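In: quick one: sequence plus predicted model below, questions after.
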Amino acid sequence: FFSQPETMDGGVLEKILDEGMDLREYSRDVERNLEVLERSSIDDYVKEATHMAALYSQVKTCDGILQNMESMLSVFQSDLSEISGEIRALQEQSLVMNQQLKNRQGVQVSLHAYVESLSLSGELVEEICKDEDLSPAFEAAVGELHHKLVFASQQRDEYISVGDVQPELAKLKANATARIRDAFITKIHSARKPMSNLQNIQQHLLKHTSSFDFLLKHSRLNAEEVQKEYIDTFSKVHLSYYKAYITRLMKLKYDQEPDKEDVLAAADTPQKKSGFFSSKPVLKNRSTTFSLGDRGSVLKELADPILVPHAQDMKSIDSKTKLTFERLFRSYMKSLVNTCVAEFLFAMEFFGISAEKGEDVFNAVLGRTLQLVYKHIETHVAMSFDAISIMLCLRILSTYKAEIEGKGVKCMYGFMDKVAAVFFDAFKRIITHNGDSIKSVDPEQFSRIDTRPHMIVRRYAELSAAVLGLNEGIHDQSIEEEMAALAKDVEGLILRLAAEFPERKDQLIFLINNYDLMMSVYTERTSGSSSEAQTTLEMLKARVKDFSLIVLQRRFGGIFTFVRTVEAAYIKNANPSVDDVALTRLIESFSTTWKEGIDEIDREAMLSFPNFKNGRRIVEEALTQLVIVYEKFTSILKKPPFKKKGGWPSLVDMHLLMVEVRRHKASF
């Protein structure tokens, strides 16, 4: 009973326990029920025995059928295994055949390329063997021949096919190189003909750069011969051209230029030459010696075409059509720069060389031409005393040097620096020569010296402004140093000339007029930032202040002396002495003469200084000083011991003085 408690339904067990039933009895009832059910089931199985036998027979039949099917499937499996092996065999055969096909195709391609690289078509042979000028078809054939030659040179000598084609390739190479050489030399020699256009010849040669490249790679001797012929021909042509061109240009130059007699301290009268019949006439269109004038316009023409003097026009040239040296220099320097740039770039592109080797070719082609131009400049500049022309040439040279620097033509740097050195040396020589002439000036050699600006100072102002203005485009320190030295010489001359006047007032008027002239020219022609302009402005202001004090002292000296005396006493902490009678007389004198005194100062300034604006500025400076001193004067009178009960009755009111001063103030 307790061995199988888990088989009982929990609800049945609970019901049994609740009803108090005997579990053994209940167990026996269950077993009896099971026996009844078992017998009933056996009866059912017996009733179905026939059907079970039939079912068993069917199962046996199916089992036989399945065995037959298993046999058939086994045979089919065996057949499939054989087919799979055949498929694998076919697949392996296919892979082998595919690899064989690829190998044959690779061999075919290689053999085709090999044959193509060595075979010589009839069109190729015919084109190379033609006796004609270089054509696009020929250059294409030469390019193809180059590839065949390179290919043949890379193959092993034991290849019979290479040995068979080598003689034919050598013949074609000889024909091609000979044809290229002859064509190039013929074209180069055409430059020797008169009026030939070198640029067109170079452009023609550049179109066939590939042909020269072939020549360079397969016949270096012929390439060197072509290069040698080019250098020889073009060096002679350039030398001849510039020799003739400069000679013709120089016929356009002014016949007479400033010489060693044309210095700042030279007299106005023309100097006669030392010849028996010779003299030095003044040319109507002679270029200015000390002023820039319109000569600076050449700097706006630097990009203009070069001058083209024709031989047939030389006879018609007169003094009206002649030009200054800087214009001629601008023309042949522009031509030379263009030629040098073109030659340098051509050498690198056509000959296929580096910039370093390009310089060697450049020097071989243009070395003698550059030397010719340098000697010409050196010869002319050695005889020149035209400082403005030298400065203009330096500005022109600096512009063209910047141009070649931008294009990377370094081979011209040395030439440009040499030419610049020639001009700088000449400029120093000319300025030193003018400075010496200034130092040698004796004021007594002038018959009359007035207070107006001196002619030497006027010349110097024009020259200095021109040089400093042009140097603003160069910023060369040596030029500034030379002009500073000349400025000291001129300043010494101005002081020596001023010393010829017995009165200090006249000396100041002379100094102010000359400094004002210099400042006017500096302001008009330069930026005013130079040390000369700044120094001149400081000296002008100082002399104006000195002059103002002198004219005020002459008319209002009592008030100025009184103010100085009292201020000196205050500085010493002393009590100034008081003289009421003298002070009253001083105040009454000023009250009766102050307007007339201001008018006299105004008139004197206008008569003494030809520059109206300068005269008005001096009047304004003098009246400003008067207002300052008079304000101090009235301030002193308001303090003890000068303060007076009821004030000083004759004292001019400050407001009235200011009104009169404003009336005389400059209105510009």
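Out: Yep, it's here.

In: tell me the helix or strand right after the lengthiest helix in the chain.
Out: Using DSSP state H, we find that the single longest helix of the chain is helix 49-118. Per DSSP states H and E, helix 49-118 leads on to helix 122-128 as the next helix or strand towards the C-terminus.

In: what's downstream of that following helix, the next helix or strand?
Out: helix 136-154.

In: show me which positions of the helix or strand that that next one is followed by end up buried.
Out: Sequence order places helix 160-189 as the next helix or strand after helix 136-154, per DSSP H and E. For helix 160-189, the neighbour count (16 or more other CB atoms under 10 Å) marks 162, 165-166, 169, 172-173, 175-177, 179-181, 183-185, 187-188 as buried. The way it works is simple: take the backbone N, C-alpha and C, and place the C-beta from them, glycine included.

In: helices and strands around helix 160-189, which ones?
Out: helix 49-118, helix 122-128, helix 136-154, helix 198-207, helix 209-218, helix 220-250 (3 or more CB pairs under 8 Å, 6 or more residues apart in numbering; DSSP states H and E).

In: the fifth one - what's its average pLDDT?
Out: Taken as a whole, helix 209-218 carries a mean pLDDT of 88.

In: quick one, it and helix 136-154 angle?
Out: 20 degrees (axes from the mean of the first three to the mean of the last three CA atoms, to 10 degrees).

In: quick one: work out the angle between helix 209-218 and helix 220-250.
Out: 130 degrees.

In: for the nearest residue to Ser527 once chain neighbours are set aside, phi and psi?
Out: Spatial nearest neighbour of Ser527, chain neighbours left out: Glu472 (6.3 Å); criterion: CB to CB, 6 or more residues apart in numbering. Dihedral angles of Glu472 (phi, psi; degrees, to the nearest 10) stand at phi -60, psi -20.

In: let me see the contact set for Ile377.
Out: Residues near Ile377 by CB atoms under 8 Å, 6 or more residues apart in numbering: Phe329, Val419, Val422, Phe423.

In: what's the burial count for the second one?
Out: Think Val419. As a burial measure, Val419 scores 23 neighbours (other CB atoms under 10 Å).

In: tell me where the stretch 301-450 of the chain is predicted with low confidence.
Out: 310-321 (pLDDT under 70).

In: ugh, typo on my part, it should be the stretch 51-200 of the chain
Out: 108, 110-119, 152, 154, 156-165.

In: returning to that earlier point: quick check: of the contacts of Ile377, which lies closest to Gly435?
Out: Phe423 (18.4 Å; CB to CB).

In: surely the closest one is in contact with Ala382?
Out: No. Assessed by CB atoms under 8 Å, Phe423 is found out of contact with Ala382, at 11.2 Å.

In: between these two, point out the one with more neighbours.
Out: Applying other CB under 10 Å to Phe423 and Ala382 shows that Phe423 carries more neighbours, namely 22 against 11.

In: and the one helix or strand that one maps to, what other elements does it pack with?
Out: Using DSSP H and E, the element containing Phe423 is helix 413-439. With contacts taken as 3+ CB pairs under 8 Å, 6+ apart, helix 413-439 sits against helix 355-382, helix 387-406, helix 455-471, helix 477-498.

In: so how far is that helix from its chain's centroid?
Out: Its chain's average C-alpha position is 28 Å from that of helix 413-439, according to CA atoms, centre = their mean, to the nearest Å.

In: let's have the chain start at 29 instead
Out: Sure, I'll start numbering at 29, so the last one becomes helix 441-467.

In: tell me the buried residues in that helix?
Out: Quick answer for helix 441-467 (16+ other CB under 10 Å): 443-444, 447-448, 450-452, 454-459, 462-463, 465-466.

In: helix 383-410 and that helix, what's the angle between them?
Out: Angle of helix 441-467 versus helix 383-410, following the same axes, to 10 degrees, is 20 degrees.

In: taking helix 483-499 as reference, get the angle to helix 441-467.
Out: Going by the same axes, to 10 degrees, helix 441-467 makes 160 degrees with helix 483-499.

In: neighbours of Glu508, how many?
Out: 17.

In: tell me the contacts of it?
Out: Contacts of Glu508 (CB under 8 Å, 6+ apart): Leu496, Asn499, Ser558, Ser559.

In: and the residues you listed, which are buried?
Out: For the contacts of Glu508, buried by 16+ other CB under 10 Å: Leu496, Asn499, Ser558.

In: now these as CSV including pLDDT and distance to Ile646?
Out: Putting these into CSV (pLDDT from 0 to 100; distance: CB to CB, whole Å) gives the following:
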residue, pLDDT, distance to Ile646
Leu496, 90, 26
Asn499, 90, 31
Ser558, 80, 24
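
In: please enumerate the strands of the stretch 529-678 of the chain.
Out: In chain order, the stretch 529-678 of the chain shows no strands, with DSSP state E, counting those that start in this stretch as the criterion.

In: hmm, back to that, out of the contacts of Ile405, who's nearest Val153?
Out: Of the contacts of Ile405, the one sitting nearest to Val153 (CB to CB) turns out to be Val447, at 55.7 Å.

In: give me the number of residues near the closest residue to Val485 other than its chain neighbours?
Out: The shortest distance from Val485 to any non-neighbouring residue, by CB to CB, 6+ apart, is to Asn542 (4.6 Å). Counted with other CB under 10 Å, the neighbours of Asn542 add up to 29.

In: before we move on, what about the one 4 residues further on?
Out: Using other CB under 10 Å as the criterion, Met546 is surrounded by 28 other residues.

In: would you map the helices across the stretch 529-678 of the chain?
Out: Remark: helices assigned in the stretch 529-678 of the chain by DSSP state H, counting those that start in this stretch are 532-553, 559-599, 608-636, 640-665.

In: most neighbours per residue, which of the ones you listed?
Out: helix 532-553 (a mean of 21; mean count of other CB atoms under 10 Å).

In: mean confidence for that helix?
Out: Helix 532-553 comes out at a mean pLDDT of 91.

In: which strands or helices does that helix pack on?
Out: By 3+ CB pairs under 8 Å, 6+ apart, helix 532-553 packs against helix 483-499, helix 505-526, helix 559-599, helix 640-665.

In: one more time with 6 Å
Out: Secondary-structure packing of helix 532-553 (3 or more CB pairs under 6 Å, 6 or more residues apart in numbering; DSSP states H and E): helix 483-499, helix 505-526, helix 559-599.

In: need the contact partners of it.
Out: 479-481, 485, 489, 493, 497, 522, 526, 529, 556, 561, 564-565, 567-568, 571-572, 574-575, 578, 636, 639, 642 (CB atoms under 6 Å, 6 or more residues apart in numbering).
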